[in-house]
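K.L.:
Sequence isn't available, so here's the structure alone:
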């Protein structure tokens, strides 16, 4: 027996629930896109300027290792393919950026850079594969399913976020030492911060509020905003002052010159000394002579 009223009510509820779920889906997708491409601008900047001065290789190595527990978490949790691949992209691009730091700043050759980076990448892949098999078998061995090994999965998520945060904090040390933001691409920072914003939005619209997720993404967002603030204070503000200071100094110099000329004219009138152009032999200068009444 049909019920038009019930059908309309259920249809309306379905549409509302779908709209509420839309920000979560969009935010998650945008976050993964940002995390997949965030380091590409930094790699391009390093390549074009042929140096990586100020970019911290320790930051890039920490980020490369952060992809290991993140990959374990996403794969064991059986997320979609994009989420499973994204940590591998993060690790690969971080290792490429790390290699650029040594290639440009320490004059390593291509062969030496690859001979160090490739084994490290292989080690990361082996550790990740081992953890995946261990945690997956742990989950499959229990009737509780997803509840089995919950603490170990939480550890993977926290460890990845901690490594990412430590990488950014390492750059804070360089900012403090040199009183400027060096090496790091603000486009890279902006893309990552944008991903954190959409991640926070997506968490808010989840059916169950994930406090741990909000803390992880919120902490990273605050750290990136701090880098932006330091860039504005140490990099942008001095440039603006330098751009406007020459015009201000010129006005002040012109004002002082006019005041000096006015005082000189008053002194000449008071003492009877006049300034006039001398003959050709002394025309480079303006000589002083006393006006003598005939």
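P.N.:
Alright, I've got the coordinates. Everything numeric in this text was worked out from a predicted model, so none of it was measured.
K.L.:
Every contact and neighbour count from this point should use C-alpha atoms.
P.N.:
OK.
K.L.:
Run through who's touching the helix or strand hosting residue 85.
P.N.:
Per DSSP states H and E: residue 85 is located in helix 81-105. Helix 81-105 is contacted from outside by 32, 35-36, 39-40, 42-43, 46, 50-53, 55-58, 60-61, 63-68, 70-71, 74-75, 78, 108-110, 113-114, 117, 121, using C-alpha atoms under 8 Å, 6 or more residues apart in numbering.
K.L.:
Identify those among the residues you listed that sit within helices.
P.N.:
Applying DSSP state H to the contacts of helix 81-105, the entries found in helices are 32, 35-36, 39-40, 42-43, 46, 57-58, 60-61, 63-68, 70-71, 74-75, 110, 113-114, 117, 121.
K.L.:
any chance you could map the helices in the stretch 101-250 of the chain?
P.N.:
110-140, 150-178, 186-204, 211-231, 237-271 (DSSP state H, counting those that start in this stretch).
K.L.:
Switch those over to JSON lines; also include mean neighbour count.
P.N.:
Converted to JSON lines, the helices of the stretch 101-250 of the chain look like this (neighbours: other C-alpha atoms under 10 Å):
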{"stretch": "helix 110-140", "mean neighbour count": "15"}
{"stretch": "helix 150-178", "mean neighbour count": "17"}
{"stretch": "helix 186-204", "mean neighbour count": "21"}
{"stretch": "helix 211-231", "mean neighbour count": "17"}
{"stretch": "helix 237-271", "mean neighbour count": "11"}
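K.L.:
can you tell me which of those the model trusts least?
P.N.:
In terms of average pLDDT, helix 237-271 trails the rest of the helices of the stretch 101-250 of the chain, at a mean of 63.
K.L.:
what pLDDT does residue 1 get?
P.N.:
Per-residue pLDDT puts residue 1 at 50.
K.L.:
Same check on the one 3 residues further on?
P.N.:
The predicted structure scores residue 4 at 53 on the pLDDT scale.
K.L.:
Over to the one 3 residues further on?
P.N.:
For residue 7, the model assigns a pLDDT of 38.
K.L.:
Tell me which residues touch residue 67, please.
P.N.:
So residue 67 contacts 87-88, 90-91, 160 (C-alpha under 8 Å, 6+ apart).
K.L.:
Ranking by neighbours, what's the top pick from those?
P.N.:
When those are compared by neighbour count (other C-alpha atoms under 10 Å), residue 87 ends up highest, at 28 neighbours.
K.L.:
how many neighbours does residue 47 have?
P.N.:
14.
K.L.:
What of the one 4 residues further on?
P.N.:
Residue crowding around residue 51 was assessed by other C-alpha under 10 Å; the count is 19.
K.L.:
Quick one: residues contacting residue 182.
P.N.:
Listed by C-alpha under 8 Å, 6+ apart, the contact partners of residue 182 are 53-55, 174-175.
K.L.:
repeat that for 10 Å
P.N.:
52-56, 171, 174-175, 231, 235 (C-alpha atoms under 10 Å, 6 or more residues apart in numbering).
K.L.:
For residue 108, grab phi and psi.
P.N.:
Backbone dihedrals for residue 108, given as degrees, to the nearest 10, come out at phi -70, psi 140.
K.L.:
and it, what does it touch?
P.N.:
99-102, 114.
K.L.:
How much space separates the closest residue to residue 51 other than its chain neighbours from residue 160?
P.N.:
Spatial nearest neighbour of residue 51, excluding adjacent residues (C-alpha to C-alpha, 6 or more residues apart in numbering): residue 104 at 5.0 Å. Separation of residue 104 from residue 160 (C-alpha to C-alpha, to the nearest Å) stands at 28 Å.
K.L.:
re earlier: select, from the contacts of residue 108, the two members most distant in space.
P.N.:
Comparing all pairs in the contacts of residue 108 by C-alpha to C-alpha, the longest separation belongs to 101 and 114, at 12.6 Å.
K.L.:
rewinding a little: sort out which of the contacts of helix 81-105 are buried, if you could.
P.N.:
32, 35-36, 39-40, 42-43, 46, 51-52, 55-58, 60-61, 63-68, 70-71, 74-75, 113, 117, 121 (16 or more other C-alpha atoms under 10 Å).
K.L.:
before we move on, the earlier item: could I get the contacts of residue 67 as a markdown table with distance to residue 194?
P.N.:
Output for the contacts of residue 67, formatted as a markdown table (distance: C-alpha to C-alpha, whole Å):
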| residue | distance to residue 194 |
| --- | --- |
| 87 | 18 |
| 88 | 20 |
| 90 | 16 |
| 91 | 20 |
| 160 | 19 |
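K.L.:
Contact partners for the nearest residue to residue 72 once chain neighbours are set aside?
P.N.:
Sequence neighbours aside, residue 132 is the residue nearest to residue 72 in space, at 5.4 Å (criterion: C-alpha to C-alpha, 6+ apart). Neighbour list for residue 132: 68-69, 71-77, 126, 138 [criterion: C-alpha under 10 Å, 6+ apart].
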